[in-house]
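**Student:** I would like to see how this sequence folds:
(chains A and B)
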There are 2 protein chains.
Amino acid sequence: MRNIALLIEYDGGHFSGWQSQRDGVITIQTVIENALSKIVGHSVKIYGSGRTDVGVHACGQVANFYTDNQIPCFKLCLGANILLAPYVSIRKAVDVQDDFNARRCAVKKLYKFCMYSSPTPSPLKNPTHMQVYKPLDGAAMQKAANYIVGKKDFRCFMASGSGVEDTVREVYSLEITQNGDVTILNICGNAFLYNMVRIIAGTLINVGLHKIEPEYMKTIIESKNRKLCGKTAWARGLTLVKVFYEPDIFN
Amino acid sequence: MRNIALLIEYDGGHFSGWQSQRDGVITIQTVIENALSKIVGHSVKIYGSGRTDVGVHACGQVANFYTDNQIPCFKLCLGANILLAPYVSIRKAVDVQDDFNARRCAVKKLYKFCMYSSPTPSPLKNPTHMQVYKPLDGAAMQKAANYIVGKKDFRCFMASGSGVEDTVREVYSLEITQNGDVTILNICGNAFLYNMVRIIAGTLINVGLHKIEPEYMKTIIESKNRKLCGKTAWARGLTLVKVFYEPDIFN
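**Tutor:** So this is what the prediction gives:
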């Protein structure tokens, strides 16, 4: 039995999230499973590194699936991408060891959250960026972001209704970059709570708009209180950039 | 009578080009004229800096129109953008002198052409990039691009069927930048022939793929022969970035 890992890119704006749901709802998992089933000739279940919400994009989602079909990986990509076009693509496929599991073997994940500052909308940025109506103070945001780096209880950044008990996660890096009217937040961590990156983005936007002081981020984290944070930032601004494995499976 | 200049952005993938055509064809000019007419209360004709083809984008198209309506410019943007969302936006509007005309007063234009190199498609890049299946040699492309800079007869880069007689244009700069799998061509000139930038892009792609030598660009230009050039590159890779005026009207 082959175990094949897939590097997947998608424009989340065209799907009801990653995870398969009831019939009639178009999810990324479903369309990929349907495409692969047609190619390998049997029903396929894919195991993703994690779910992404409605509207969230990925250029580095990873999933794996099992098959006895002997199709070469590059032909699998070629065939699947004809069926998947234009909003999902399998960028790479590789044979991996039997015990590889895209979720359990992931050691860290990198997300980016993109914003632009303007009173008027940008049709070219809107699909992948959140519009913030005023300029953002990137230096203040970076100062606040530095409080987030480390192994901490991030309960404050978890959406209500999530049943998770252990809310300790480790954030390895959180960098703010700015170029013209665009501000990008790059966050790398071992795992993330439900809506964590979007709530962090919403809170950092409040810092960037000078609604709260950078130092207040420390208070927010220690409070473990979701209500002290900013709003959950727009899904479309979020992209799963890379899932890390050791060793790296795609090159 | 007020003369108002508009800075316009659009995702060209959703329109049949810039210019108004027969009824039932959705063009950028038509949707903007319709939106402005509703706001100022009379029919509006806008004068663009130039047409863009089906599929070509702009983040810096400029147009002007006349009205007696005294609506403040920021309210005009606000109202028009509600009607125009999500694929067209008026990023700025400013009152200009009576004799300002977006086409006749333009002194130069900047376009960018974006490509990415990969055997598999990228759903997030596809709306604004051309997919080139193999890596591009950026240094070779820059070497060839340098032959294009200057005031020259660019007949070779003009699509057949264009009735233009005077095919001399001045290219002020042509720069190739690369970042990961993305290659961007930035070209600035006083004016461009029909399909000129896309034919230049197609020819530079042939250089980047080592199908022709960089030095051959000199021969191509001197030949004035369209047949020596590469294919017309994909419309979706092209974006009108900025139209320059003296003095700058949007600052």
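**Student:** Find me the pLDDT at residue A:25, would you?
**Tutor:** In this prediction, residue A:25 carries a pLDDT score of 89.
**Student:** Give me the nearest residue to it, chain neighbours excluded.
**Tutor:** Spatially, and ignoring its direct neighbours in sequence, residue A:25 is nearest to residue A:16 (4.8 Å; C-beta to C-beta, 6 or more residues apart in numbering or on different chains). Where C-beta positions appear, they are placed from N, C-alpha and C, glycine not excepted.
**Student:** And the strands in the stretch 151-251 of chain A?
**Tutor:** Using DSSP state E, counting those that start in this stretch, the strands found in the stretch 151-251 of chain A span residues A:168-179, A:182-189, A:238-244.
**Student:** Distance check, residue A:74 against residue B:229.
**Tutor:** 31 Å (C-beta to C-beta, to the nearest Å).
**Student:** Between those two, point out the one with more neighbours.
**Tutor:** Using other C-beta atoms under 10 Å in any protein chain shown, the more surrounded residue of residue A:74 and residue B:229 is residue B:229, with 21 against 12.
**Student:** Make sure residue A:189 is actually in contact with residue A:172.
**Tutor:** Yes: if you go by C-beta atoms under 8 Å, residue A:189 and residue A:172 touch, sitting 6.0 Å apart.
**Student:** one step back: sec struct for the residue nearest to residue A:25, please.
**Tutor:** What DSSP: H, G, I helix; E, B strand; the rest coil gives for residue A:16 is coil.
**Student:** residue contacts, it?
**Tutor:** Contacts for residue A:16 were tallied using C-beta atoms under 8 Å, 6 or more residues apart in numbering or on different chains; they are A:25-27, A:54.
**Student:** measure stretch A:153-160 end to end?
**Tutor:** End-to-end distance for stretch A:153-160: 15 Å, by C-alpha to C-alpha, to the nearest Å.
**Student:** Give me the distance from that stretch to the chain's centre.
**Tutor:** How far stretch A:153-160 lies from its chain's middle: 17 Å, per C-alpha atoms, centre = their mean, to the nearest Å.
**Student:** Buried residues, it. List them.
**Tutor:** By 16 or more other C-beta atoms under 10 Å in any protein chain shown, the buried positions in stretch A:153-160 come out as A:154-158.
**Student:** nearest to chain B, of those residues?
**Tutor:** The closest of the buried residues of stretch A:153-160 to chain B turns out to be residue A:157 (C-beta to the nearest C-beta; 25.6 Å).
**Student:** list the contacts for the closest one?
**Tutor:** A:193, A:195-196, A:199-200, A:203, A:226, A:229.
**Student:** Return the per-residue confidence for it.
**Tutor:** In this model, residue A:157 carries a pLDDT of 96.
**Student:** got it, and residue A:40?
**Tutor:** Listed pLDDT for residue A:40 reads 98.
**Student:** tally of neighbours for the nearest residue to residue A:103 once chain neighbours are set aside?
**Tutor:** Nearest residue to residue A:103 in three dimensions, chain neighbours excluded: residue A:49, at 5.3 Å (C-beta to C-beta, 6+ apart). For residue A:49, the neighbour count with other C-beta under 10 Å is 25.
**Student:** next one: phi and psi at residue A:49?
**Tutor:** phi -70, psi -20 (degrees, to the nearest 10).
**Student:** That one contacts residue A:101, doesn't it?
**Tutor:** No: the pair residue A:49 / residue A:101 is not scored as a contact, 9.1 Å apart, by C-beta under 8 Å.
**Student:** what residues are up against residue A:32?
**Tutor:** By C-beta under 8 Å, 6+ apart, the neighbours of residue A:32 are A:6, A:8, A:46, A:63, A:80, A:84, A:88, A:90.
**Student:** State whether it is indeed within a helix.
**Tutor:** Yes: counting by three-state DSSP, residue A:32 is part of a helix.
**Student:** distance of it from chain B?
**Tutor:** Going from residue A:32 to chain B by C-beta to the nearest C-beta, to the nearest Å gives 12 Å.
**Student:** Show me what stretch A:179-188 is in contact with.
**Tutor:** Residues from elsewhere that reach stretch A:179-188 (C-beta under 8 Å, 6+ apart): A:108-118, A:125, A:129, A:132, A:135-136, A:138, A:141, A:145, A:148, A:171-178, A:197, A:200-201, A:204, A:208, A:241.
**Student:** Let me see the mean pLDDT of it.
**Tutor:** 98.
**Student:** Checking residue A:65 next. Helix, strand or coil?
**Tutor:** Following three-state DSSP, the label given to residue A:65 is strand.
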